[in-house]
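**Q** everything below, folded, please.
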Amino acid sequence: PNPKTVGVNESQLAALQASRDQPIPSAKVAVIGGGLAGLCAVIEAQKKGANVFLFEKQARIGGNSAKATSGINGLNTFATELSGFKDSFNKFKADTLRSGGGLSDQSLVDTLVSNSTDTVNWLHEIFSLDLTDLTQLGGHSAPRTHRLPPKDGRPVPVGYSTISSLRKHIDNLENVTIVTDATLTQIMTEKEENDTFVTGIKYSKNDEIQSFMCDAVVLTTGGYAYDRSEGSLLKEFVPTKVHLPTTSGSQADGGAIRIARRDTSAKLVDMEYVQVHPTGLVDPSDPKSSSKMLAPEAMRGCGGVLFNYLGKRFCDELGTRDYVTACIEKFCRKESNGESMKEQSIAYLTMNEESAELFGSAALDFYEKKGMINRCNGLSELSSFIGCDENVLMETLEEVNSAAKGEINDPCGRTVFRAPNFDPNQMYLVALITPCIHYTMGGIAINASAEVLLEPSRSESHGNASHPIVLGLYAAGECTGGVHGANRLAGNSLLECAVFGRIAGSRSADITSSIAPALDPKIYLPLRLRCRRTLSARGHIHEFTFDLPSSKHKLAPFFKPGQYISIRHTHHNAEPLPEPLDRYYSPVSRDGARGEITLLIKAEPERGPVQGHLCSMTPGDSLLLRGPCGGLSFDLFDPKVERVGLICGGSGVSPMVQIIRECLFANVHKSIRLVWGVEYSEDLVYRKIMDEQARKHSATLNLTYVVNKPDFGWVGEIGMIDEDMLRRYMFRPGKGTKIVVCGPWKMCQIMKELLKNMGYTEDMVYSFM
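**A** Have a look, this model is predicted:
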C-alpha cells in the first residue's frame with residue numbers, strides 16, 4: 001500500500017471509536033406470516049437478541065408449510081452420510097437451475113444449496129426431527145430429499161411435524177409474541193434522500209386497524225395461488241392459468257406482495273411463472289372442486305407410474321414438474337369417468353404392491369379413506385377402472401418390467417425403478433390425478449441476504465453493481481421470487497423457507513447495529529460472504545460480495561474513492577497458517593451502497609493459500625476485513641482536478657471502476673480516460689457496462705482496451721500498454737491532470753517510468769503499487 005495517501009483523519013478515527021463503544025439496542029422485528037419461513041425467522045431473530053412479534057392472518061400458524069409431504073432437500077447431510085449416497089454441490093445446483101429453465105438467480109441458488117447442509121442438520125439437531133428417510137424425486141440426479149420415517153407403521157408428515165416442532169420451541173422463547181387473526185394492511189415507511197426506510201406496519205384485527213412501530217419487517221406470507229378475484233396477482237400476471245384448481249389454502253392470496261409493491265416500491269420478479277403440479281388428486285365425488293389435495297411426489301418416487309386413458313405410459317414420471325404436466329396436458333386430455341370431468345386432463349397414477357409398501361400403507365389408507373385412491377385386483381379390474389383395452393395395458397406393463405430389469409431402454413426415458421415388478425395378477429392402487437396450481441415462483445425480489453430490492457432507480461443508470469434495497473424490509477419463502485426461475489424443483493420449497501427464513505431473521509435482528517461503523521481501519525472484523533459471481537470463462541476472475549454488519553450500513557462517509565480494504569487469511573484447507581496473510585483489494589461496489597461490499601478478485605484454486613481459500617468459500621462463510629486503508633494522494637472531488645487518467649492491468653481495474661462510478665453518480669464534471677490492458681479478451685469483465693456508460697457520458701468518459709492475446713476478430717489495441725498508446729489515449733501532463741495506476745507490480749513500475757518520460761511530475765501520478 002502506498003503511504004502517501006489522503007486517508008481517514010484523526011478526528012474521524014476518534015468519532016469512529018466512540019460510535020463503536022456505544023451499546024447496540026435490541027431490534028424490534030415484525031414477522032408477517034406463520035409458515036416455516038416465518039418460524040425460522042422468529043427463531044433466528046430472537047437468538048440474536050431481537051424482540052420479535054409474529055403476525056399470522058389465520059387462527060393457527062403453519063400455512064401451506066404444514067401441508068408439505070414430499071420432504072426437504074439437503075446436500076451431504078447427516079442422513080446422506082448414514083445412507084452412503086453420493087451427491088455434490090454442482091449436481092444439486094445444476095438440477096435446480098435446469099428445473100428453473102435457466103431463469104433462477106444464481107446467487108440465490110448458490111445460497112440455497114450451500115446452506116442446505118447446515119439447515120437440514122439444524123432441523124435434526126435442534127428440533128429432533130429424524131429426517132433420515134432419503135428419496136430421489138423427479139428432476140433430481142441423486143437422492144437428497146429428506147422425510148421422516150414411518151412411526152408404528154403410520155406415515156409422519158414432514159411439513160406438519162416440522163411446524164409443530166418449531167412452534168413448540170418458540171413457545172419456550174423469551175421476547176417472542178404471537179398475534180393471530182391479524183392481517184397486514186400497510187407497511188409504513190419514511191424516505192431520506194434516495195433511501196426508503198421501514199418504520200412499522202398496520203394490521204387488521206377484530207375489524208380494527210392497529211399500528212405497530214418497529215425497526216424491521218420480515219415478510220413470510222406465502223404465494224398467490226388461491227386468489228382469483230378482480231385485482232388478484234393471478235389475473236394480473238397469469239390470466240391463462242386462472243381456471244386451474246390449486247393445492248394452496250386461502251391464506252395464499254398474495255396480499256403482502258401487493259402491499260410491498262404499493263407501499264415500498266418493492267421490485268417483483270418472475271410473476272408470470274406459476275408451477276402447475278402434475279398430480280393433484282381428483283375427488284370423484286366432487287371432480288370440479290377448485291381446491292385439490294396433492295398426490296405427493298413420493299408416490300412416483302417410490303415407483304408409481306402414470307397411464308393415460310388408453311392404458312399407455314407417456315412420460316418419465318421422475319421428470320420435472322413442468323415436463324410431466326406438459327405431457328399430461330398433451331396425452332391425457334379426454335373425457336374420463338363421466339361428463340363432469342370433460343374439461344380436465346386426467347391421468348391414472350398407479351402403484352403396485354411393492355411401491356405401495358415403500359410409500360407406506362398407512363399413508364395410502366389416509367387417501368383411500370377420503371376416496372382419492374382405488375384398489376384394483378389384477379389387470380382386468382385395473383383396465384376396467386381406466387376404461388382402456390386390457391391387451392394394451394398388458395403390453396404397457398410388460399414394457400415397464402423389461403425396462404426395470406434393464407432388458408430395454410425405457411421408451412419414456414425413465415432410469416430409476418424402485419418397484420420394478422408389475423405382475424398383472426397383483427393388487428394395484430390407482431388415483432385420478434390432474435394438473436393444478438401448486439406453487440407461485442414469482443414474488444418480491446430479494447438478494448442473497450433476504451433484503452427486499454427496490455424497483456430500478458437512478459443509481460442503476462450509472463452502472464451501479466449493487467441493487468438498491470428497502471431498508472429494514474426482508475422477505476423469505478413463497479412470497480419471494482428469483483430462487484426457482486420458471487419452475488421449482490421438488491423438495492426445494494421447505495428448504496427455501498428454512499434457509500432464507502433463517503437469513504432474514506438473523507439479518508433483521510442486526511438492523512440496529514448500524515449505530516457503529518461498518519468497518520474499522522485498524523481492527524479486522526468478520527464479514528459474511530453473501531455471494532460469489534464468476535465473471536470470466538476461465539473461471540479465474542470473481543466478484544465476492546460480503547454483508548456489512550447491518551443492512552443500513554454503507555462505507556461512506558469514512559470510505560473515500562480510491563481507498564481499499566485489507567483481507568486477512570488465517571487458514572488454508574481448514575489448517576491454520578503459520579502467519580496470517582494480508583491482501584488488499586479495492587471495492588467495486590459504490591461507497592454509498594447499503595449493506596454490502598463487493599470486491600473483484602482474481603483467484604484460482606491451485607494458486608497458493610490465499611487464492612485457494614477464496615475459491616473454497618461458499619455463501620455464509622466469513623472472512624476477516626478491515627478498512628478503509630490508504631487512498632489517493634489527491635482529493636478526487638477537488639474542483640481543481642479537472643482531468644483524471646486511469647491506467648490499469650487485469651483486475652487492477654477495481655479502483656478505476658470505483659472512481660468512475662463515484663464521479664458519474666455524484667455528477668462530478670471531470671474528463672476521465674481509461675486505458676485497460678489485459679492478457680485475453682475475456683479478462684475485460686466490465687467492458688459491457690463500461691461501454692454503456694461511455695455511450696451515456698461520451699463527452700467526459702473515454703475508454704481504450706488493450707489485449708495482449710486477442711480473440712479472432714478483435715478490433716482494438718493489441719499487445720502491452722506502451723508509451724505510444726499513452727501519448728495517443730492519455731491526457732497530456734499539466735495543471736489539473738492526475739493519473740492513477742493500478743495492476744501487477746512490474747506493470748506499475750513500467751507505467752510510472754513511461755509517464756515520467758512523457759513529462760508527468762511525481763505529484764501528478766498516484767500508483768497503487
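**Q** for the residue positioned nearest the centre of the chain, which non-adjacent residue is closest in space?
**A** Computing the C-alpha centroid of the chain and ranking residues by Cα atoms, centre = their mean puts residue 108 first, at 1.6 Å. Closest residue in space to residue 108, ignoring its immediate chain neighbours: residue 483 at 4.6 Å, by Cβ to Cβ, 6 or more residues apart in numbering. Yep, even glycine has a C-beta here, placed from its N, CA and C like the rest.
**Q** burial of the nearest residue to residue 413 once chain neighbours are set aside, as a residue count?
**A** Nearest residue to residue 413, sequence neighbours excluded (Cβ to Cβ, 6+ apart): residue 316, at 4.3 Å. If you count neighbours by other Cβ atoms under 10 Å, residue 316 ends up with 20.
**Q** point out where this structure drops to low pLDDT.
**A** For the chain, the stretches flagged by pLDDT under 70 are 1-20, 334-343, 457-466.
**Q** residue 218: which element?
**A** strand 216-219 (DSSP states H and E).
**Q** tabulate the CA atom coordinates of the helix or strand following that strand in PDB.
**A** Later in the chain than strand 216-219, the nearest helix or strand by DSSP H and E is helix 233-237. Output of helix 233-237 as PDB, limited to C-alpha atoms (Å, rounded to 0.1, in the frame of the first residue of the first chain):
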ATOM      1  CA  LEU A 233     -52.000 -11.300  -9.000                       C
ATOM      2  CA  LEU A 234     -53.000 -14.400 -10.900                       C
ATOM      3  CA  LYS A 235     -55.400 -12.400 -13.100                       C
ATOM      4  CA  GLU A 236     -52.800  -9.600 -13.500                       C
ATOM      5  CA  PHE A 237     -49.800 -11.800 -14.400                       C
END
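**Q** in helix 233-237, what's buried?
**A** Within helix 233-237, the residues that count as buried by 16 or more other Cβ atoms under 10 Å are 233-234, 237.
**Q** which outside residues touch the helix or strand just after it?
**A** Toward the C-terminus, helix 233-237 is succeeded by helix 255-264 as the next helix or strand (DSSP H and E). Residues outside helix 255-264 that contact it (Cβ atoms under 8 Å, 6 or more residues apart in numbering): 32-33, 57, 183-189, 196, 198, 219, 221, 224, 233, 266, 268, 443-444, 452, 454, 470, 473, 475, 479.
**Q** and those residues, which of them are buried?
**A** Listed as buried from the contacts of helix 255-264 are 32-33, 57, 183-184, 187-189, 196, 198, 219, 221, 224, 233, 266, 268, 443-444, 452, 454, 470, 473, 475, 479; burial here means 16+ other Cβ under 10 Å.
**Q** in helices, which of those appear?
**A** residue 233 (DSSP state H).
**Q** for stretch 364-373, C-alpha coordinates in CSV please.
**A** Presented in CSV, the C-alpha positions along stretch 364-373 are these (Å, rounded to 0.1, in the frame of the first residue of the first chain):
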residue,chain,number,x,y,z
LEU,A,364,-52.2,-44.7,1.4
ASP,A,365,-55.0,-45.7,3.8
PHE,A,366,-55.4,-42.0,4.6
TYR,A,367,-56.0,-41.2,0.9
GLU,A,368,-58.2,-44.3,0.4
LYS,A,369,-60.5,-43.3,3.2
LYS,A,370,-61.0,-40.0,1.6
GLY,A,371,-62.0,-41.7,-1.7
MET,A,372,-58.9,-40.5,-3.5
ILE,A,373,-57.4,-43.9,-4.1
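**Q** what's in contact with that stretch?
**A** 155, 281-285, 293, 295, 351, 356, 374-375, 429-431.
**Q** OK, contacts around residue 213?
**A** So residue 213 contacts 28, 188, 199-200 (Cβ under 8 Å, 6+ apart).
**Q** I should have written residue 623 there, sorry.
**A** Contacts of residue 623 (Cβ under 8 Å, 6+ apart): 526-527, 529, 546, 567-569, 617.
**Q** also residue 157?
**A** By Cβ under 8 Å, 6+ apart, the contact list for residue 157 reads 68-69, 148.
**Q** please, which helix or strand holds the residue lying closest to residue 373 once chain neighbours are set aside?
**A** Nearest residue to residue 373, sequence neighbours excluded (Cβ to Cβ, 6+ apart): residue 367, at 4.5 Å. Assigned by DSSP H and E, residue 367 belongs to helix 361-369.
**Q** just how off-centre is that helix within its chain?
**A** Offset of helix 361-369 from its chain centre (Cα atoms, centre = their mean, to the nearest Å): 36 Å.
**Q** follow-up on the earlier one: can you tell me which of the contacts of stretch 364-373 are in strands?
**A** 155, 281, 293, 351, 374-375, 429-431 (DSSP state E).
**Q** buried among those? Make that a ChimeraX selection.
**A** Buried subset of the ones in strands among the contacts of stretch 364-373, written as a ChimeraX selection, criterion 16+ other Cβ under 10 Å:
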select :155,281,293,351,374,429,430,431
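**Q** longest helix of the chain?
**A** Under DSSP H, the chain gives helix 106-127 as its longest helix.
**Q** name the strands paired with the helix or strand just after that helix and say parallel or antiparallel.
**A** Going down the chain from helix 106-127, the next helix or strand is strand 133-135, by DSSP H and E. Paired strands of strand 133-135, with direction, are strand 145-151 (antiparallel) (DSSP bridges).
**Q** now what about the strand it pairs with, what contacts it?
**A** Counting by Cβ under 8 Å, 6+ apart, residues outside strand 145-151 touching it are 70-74, 77, 79, 120, 129-137, 156-158, 161, 297-298, 301, 360, 362-363, 490-491.
**Q** what do you get if the cut-off is 7 Å, keeping everything else the same?
**A** Applying Cβ atoms under 7 Å, 6 or more residues apart in numbering, the contact partners of strand 145-151 are 70-74, 77, 79, 120, 129-135, 137, 156, 158, 161, 360, 362, 490-491.
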